[in-house]
Each structure stands twice: as structure tokens, then as C-alpha cells.
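Q: got a sequence here, can you model it:
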Amino acid sequence: MAERNPLVDEWIAKAEGDWDWTELDVAMITSRMRDGYVYHLQQCVEKLIKALLLQLGQTFRKTHDLVALSQSGVMNRYPGFDTSTEELLELKEMAGRLRQALLLRLTSSPQEESN
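A: Numbers count the residues shown, from 1 in each chain. Presented below is the predicted three-dimensional model:
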């Protein structure tokens, strides 16, 4: 059995650091902070996907293109794009579901993955 790539755990740790930023009470998030909040949601999911790719023996180039979350996480950082509190909560719910699924996959044993 191949050893786990140590970068997998590093990507997971970085992803969880991004998630920690989103644990703030949404009521405390000012309109000027919303773009950063969404950015950390997107970054968490992106880093977990990269961890999973490494765990599966895949390589990837540096990229930040994650279709829906990427559009929300990047476009809202430019003038003319605003995110409402309701949208923040919806994005966090989506990112949370993706995060849980990815973490479950990353922590399952190789035998469980092949069944």
C-alpha cells in the first residue's frame, strides 16, 4: 500500500484555516467584509479538491477555476458585484456540504474507497 502523500494533510490544514474564517457570526460580517468571506469559502473547497486529487495520485496545475464557487468567490471581489447576507448563508451551506463530502472522502480508508 502506498504511503499517503504528506501534502494531502497540508492542503487539508490550509483548507480548514480558510473555513475557520467563515465561522464568524454572519451578523458581524459588514458589507465590506462579504467578498473576503465568500473568498474563504471558495478557497476551502478548492484546497480540499486539491488534497483529494493528490490522494488519488493525480497532479494539477495552479488554478483557481471552480465554476460556481469560483465565480462567486472571485467576481464579488470586483466593483459592481455585491453579495447579500442571504447569499452568504446560501454559499456557506453549499460550501459546507462540499467540505463535508470531501473530508469524508479524504478520511476514508483505501479499502472503503474501492468497495
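Q: against residue 89, how distant is residue 11?
A: Applying CB to CB, to the nearest Å, the value for residue 11 to residue 89 is 26 Å. Quick note: C-beta positions are derived from backbone N, CA and C, even for glycine.
Q: distance from the strand or helix carrying residue 38 to the middle of the chain?
A: According to DSSP states H and E, residue 38 maps onto helix 34-55. Distance of helix 34-55 from its chain centroid, counting by CA atoms, centre = their mean, to the nearest Å, is 2 Å.
Q: what packs against it?
A: Under the contact criterion of 3 or more CB pairs under 8 Å, 6 or more residues apart in numbering; DSSP states H and E, helix 34-55 touches helix 6-21, helix 67-75, helix 85-107.
Q: so residue 11 and residue 89 - more neighbours on which side?
A: More neighbours surround residue 11 than the other of residue 11 and residue 89, with 21 against 11 (other CB atoms under 10 Å).
Q: what's the spacing between the more buried one and residue 27?
A: As judged by CB to CB, residue 11 and residue 27 stand 31 Å apart.
Q: for residue 59, grab the count of nearby residues.
A: Residue 59 - counted by other CB under 10 Å - has 6 other residues nearby.
Q: ramachandran coordinates for it?
A: Note on residue 59: backbone dihedrals following degrees, to the nearest 10 are phi -110, psi 160.
Q: any idea of the pLDDT on it?
A: pLDDT recorded at residue 59 is 76.
Q: chain neighbours aside, what residue packs nearest to it?
A: With sequence-adjacent residues excluded and distances taken as CB to CB, 6 or more residues apart in numbering, residue 59 is closest to residue 53, at 7.5 Å.
Q: isn't the one you found right up against residue 60?
A: Yes - here residue 53 reaches residue 60: they are 5.3 Å apart, a contact under CB atoms under 8 Å.
Q: who has more neighbours, those two?
A: residue 53 (14 against 9).
Q: which of the helices and strands packed on helix 34-55 has the lowest mean pLDDT?
A: Note on the helices and strands packed on helix 34-55: helix 67-75 shows the lowest mean pLDDT, a mean of 51.
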